[in-house]
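*Asks:* quick one: sequence plus predicted model below, questions after.
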Amino acid sequence: MKIDLHVHLDGSLRPKTVWELAAEQGVRLPVSSEEELARCMRVSESCNNLTEYLQCFDIPLLVLQKPEAMERVVYELCEDLAEQGLAYAEIRFAPQLSLRGGMSMDEVVEAAIRGMNRGLAAYPSLCAGLLLCFMRGKDTDPFNEATLKSAVKYFGRGVLGVDLAGAEALFPTERYRDLFYKVREAGIKFTIHAGEAAGPESVKYALEFGAVRLGHGVRAVEDEALIERLVHEKITLEVCPTSNLHTKLAKDPYSHPIRTLFDRGVRVTVNTDNMTVSHTTLEKEYHFLKQYYNFTDSEIAKMQEYAREAAFFED
C-alpha cells in the first residue's frame, strides 16, 4: 500500500498549470517560457540549505491567490497521486500564504477541500486529507492563530490536522509552545517539522508539545538517548530522503541516517515532501532506498505499515 504522509501542495504543482494560471490571472512571471519555469520550480544542484530550498516555492505561490486556482491544483495533485498508485496521502499547505489576492483563510481552505473532494470522487482508489501548516516567521503569529481557527472549523470535514513548517534554523521550534498548547486544547491532530535544519533539541521540543509524528526528524540520530525515546514512545518520522539531500541534511546519497534509524527500531516512513521541487515520486524514493541502502521489499512494506498506523485519517 503506497502512503505519503508528507507531501506539500505548493511544492508539487505542475509547471504547465502554473504557466496557464499566470496567463489567466495576468501574473507576470520572472521567466519567459514554460521550460524555464519548470527549471525554476526545481531545486538547483547548488542548493546549500533548507532556506535556499524554500525559495523554489516563491513562483508557485504567485498563482495560488484565487479560489479557482487553489481548487484546481488540489484536484490535479489528487489526480497525480492516484495515477502513481497511492492509496492514501496527506496534503499539506499554509493557507496564510494565499491571502494576497483577497481570499479569507476560510475561503482558501474551502477551495482546497472542493478540489480534494473532486479528486477523490474522480479517483476512488485514493483516500486523502488536508493538513494546514502554521508558518515559522517574525510576523506569523496572527496568521497562525487564524489557521488554527480554520483547522478547528473544518476538522473532520476535509482537514485532518495541522503542521508547523518553514525555516526551522531561523525560527526555533520552542517559540511555538503556546500555539501547540492551543492545538492540544482544541483536540486537533498535529505533526511538526523538526530535526531537519535544526538538531536534536528541535525534536525534543516537538515531543514536549505532544507530537507523535515528526516531519523529517532525522537529526535525532545525533542523540543516542533521543533515539531510544523515539523507539520507546513509538514516534513516527516522516522521512523524505531526496529532499534531505537537496537541503544538505545528508551530504551525499550514502550518508542519510534513514538506515540507522530504521535498524534501531524507529518508526520510519518514506515520503516525497515536494514532488516538483525535488523531482521525485514515492516510487523514486523506494528506488533510492533500495539502491543506496539495500532496503528490501519487506522492509519497505514495514515502513508502509508504520505509515498506515500513523495516518491521521481515522478509518
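*Replies:* Received it, and whenever you're ready, just let me know what you need.
*Asks:* which residue packs closest to His256, ignoring adjacent ones?
*Replies:* The shortest distance from His256 to any residue other than its chain neighbours is 4.0 Å, reached at Ala250 (CB to CB, 6 or more residues apart in numbering). Yep, even glycine has a C-beta here, placed from its N, CA and C like the rest.
*Asks:* that neighbour: how many residues sit nearby?
*Replies:* 18 (other CB atoms under 10 Å).
*Asks:* and it, what does it touch?
*Replies:* Ala250 makes contacts with Pro241, Asn244, His256, Pro257, as judged by CB atoms under 8 Å, 6 or more residues apart in numbering.
*Asks:* do I have it right that the third one meets Cys240?
*Replies:* Right, His256. No - judged on CB atoms under 8 Å, His256 makes no contact with Cys240 at a distance of 10.2 Å.
*Asks:* thinking again about what came up before, next, the residue nearest to His256: secondary structure please.
*Replies:* For Ala250, the assignment made with DSSP: H, G, I helix; E, B strand; the rest coil gives coil.
*Asks:* rewinding a little: dump the contacts of Ala250 to JSON lines, plus secondary structure.
*Replies:* Shown next, in JSON lines, are those (three-state DSSP):
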{"residue": "Pro241", "secondary structure": "helix"}
{"residue": "Asn244", "secondary structure": "helix"}
{"residue": "His256", "secondary structure": "coil"}
{"residue": "Pro257", "secondary structure": "coil"}
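*Asks:* just the closest of those residues to Leu170, please.
*Replies:* Here the nearest of the contacts of Ala250 to Leu170, counting by CB to CB, is Asn244; it sits at 18.3 Å.
*Asks:* need the phi and psi values for the closest residue to that closest one other than its chain neighbours.
*Replies:* Once flanking residues are discounted, Asn244 sits nearest to Ala250: 5.2 Å by CB to CB, 6+ apart. Note on Ala250: its backbone torsions stand at phi -110, psi 130 [degrees, to the nearest 10].
*Asks:* got it, and Ala206?
*Replies:* phi -60, psi -40.
*Asks:* number of nearby residues for it?
*Replies:* Neighbour count for Ala206, taken as other CB under 10 Å: 27.
*Asks:* could you do Ile113 as well?
*Replies:* Ile113 has 19 neighbouring residues, counting by other CB under 10 Å.
*Asks:* need the contact list for the residue nearest to Leu62 when sequence neighbours are not counted.
*Replies:* Of all residues not flanking Leu62 in the chain, Val27 sits nearest, at 5.2 Å (CB to CB, 6+ apart). Residues in contact with Val27 (CB under 8 Å, 6+ apart) are Leu21, Leu62, Val63.
*Asks:* surely Leu126 and Asn117 touch.
*Replies:* No - the pair Leu126 / Asn117 is not scored as a contact, 11.8 Å apart, by CB under 8 Å.
*Asks:* compare the contacts of Ala250 and tell me which has the most neighbours.
*Replies:* Counting neighbours by other CB under 10 Å, Pro241 leads the contacts of Ala250 with 26 neighbours.
*Asks:* I'd guessed Ile59 sits against Arg42; true?
*Replies:* No - Ile59 lies out of contact with Arg42 (CB under 8 Å); the separation is 10.9 Å.
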